[in-house]
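> everything below, folded, please.
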Amino acid sequence: MRPELAAAARTETRYSDIIYEKIVGMIADGRFPVNERLPSETSLSTLLGASRPVVREALERLRTDQLIVSRKGSGSYVRQRPDSSMLKEVPVGSLADVQRFFEFRAGLEASAAELAARNWQPADKQRIADTFEALEHCLERNDLGAQEDQDFHDAVALATGNQYHTLVREWFKPHIAIGMSVTRTLSLKRTPAHVRAVQDEHKAIVEAIFARREADAFAAMRDHILNARARMFQGV
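I've put the predicted structure just below:
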């Protein structure tokens, strides 16, 4: 974990978040295989040294993040196996927070895209186009592109004409960097078609903003952020 990303780790971590992360790690390393039933809450409590309420809270979060699924009368089953390298990209104990921050970004940045579609000026349009082109070049060179991705989203925020969108992004820049670093690092391990699909999401955002289709810009950005959140836990 690079120092500038580790700086985004929060100072206090809920115990359920630590248990959540431990279970994610066990799924990632294959200890709990895909389509297999997880141990009971009681067994997990003993295994992880946590109370049942703490384990229950962690499992609920895993269901929300679609790593596990409940089957009535049968228990919880592993739905997908994330790549273990994902855990190395986030500060210890902060994985649940990274997921929550994607949820926060989805609403905030969707609103920014909607406002950008309404308010962009020629300089904003050029800035967005330039940052989108920079992302295209990253694809061609198979570069990480985390900074270029940040630049693109910053350009959308600037196009809102509302300084609070840019201010919030500055406040949370380290947190945003963690999510982008994780998702783009994992993308480098996936197929070219997968990487192209991610860039197509950026393209949909750009097209909607430039056409001043506010509702479409909102939806395209929201879907992009939520898809990025889901991609964190997809295998490679």
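
> now do the strands in this structure.
Per DSSP state E, the chain carries strands over the ranges 68-71, 75-78.

> which of those sits most buried?
When the strands of the chain are scored by mean count of other C-beta atoms under 10 Å, the highest mean neighbour count falls to strand 75-78 (a mean of 18). C-beta coordinates here come from the backbone N, C-alpha and C atoms, glycine included.

> export that one as PDB, just CAs?
Backbone C-alpha positions of strand 75-78 (Å, rounded to 0.1, in the frame of the first residue of the first chain) are rendered in PDB as follows:
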ATOM      1  CA  GLY A  75     -27.700 -20.900   5.200                       C
ATOM      2  CA  SER A  76     -25.300 -18.600   3.400                       C
ATOM      3  CA  TYR A  77     -23.400 -19.600   0.300                       C
ATOM      4  CA  VAL A  78     -20.400 -18.000  -1.400                       C
END
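
> off-centre distance for it?
The chain centre lies 23 Å from the centre of strand 75-78; the measure is C-alpha atoms, centre = their mean, to the nearest Å.

> tell me the average confidence for that strand?
Strand 75-78 shows a mean pLDDT of 94.

> correct me if wrong: Gln150 contacts Ser181.
No. At 9.8 Å, Gln150 does not count as touching Ser181 under the criterion of C-beta atoms under 8 Å.

> looking at the two, which one has more neighbours?
Ser181 (21 against 17; other C-beta atoms under 10 Å).

> tell me how many other residues crowd the nearest residue to the more buried one once chain neighbours are set aside.
Of all residues not flanking Ser181 in the chain, Ala146 sits nearest, at 5.1 Å (C-beta to C-beta, 6 or more residues apart in numbering). Neighbourhood size, Ala146 [other C-beta under 10 Å]: 20.

> surely Ala146 meets Gly179?
No. The criterion here is C-beta under 8 Å, and Ala146 misses it with Gly179 at 9.6 Å.

> picking up where we left off before, so which of the strands of the chain comes closest to Ala28?
Proximity to Ala28 (C-beta to C-beta) singles out strand 75-78 among the strands of the chain, at 10.4 Å.

> name the helices or strands packed onto the closest one?
helix 52-64, strand 68-71 (3 or more C-beta pairs under 8 Å, 6 or more residues apart in numbering; DSSP states H and E).

> contacts for the last one?
Defining contact as C-beta atoms under 8 Å, 6 or more residues apart in numbering, one finds that strand 68-71 is touched by Ile27, Leu38, Leu59, Leu62, Arg63, Ser76, Tyr77, Val78, Arg79.

> now do the contacts for the second one.
Read it as Leu38. Applying C-beta under 8 Å, 6+ apart to Leu38 gives the contacts Ile23, Phe32, Leu44, Leu59, Ile68, Gly75, Ser76, Tyr77, Val78.

> again, 10 Å this time
Residues in contact with Leu38, defined by C-beta atoms under 10 Å, 6 or more residues apart in numbering, are 23, 26-27, 32, 44, 59, 62, 68, 70, 75-78.
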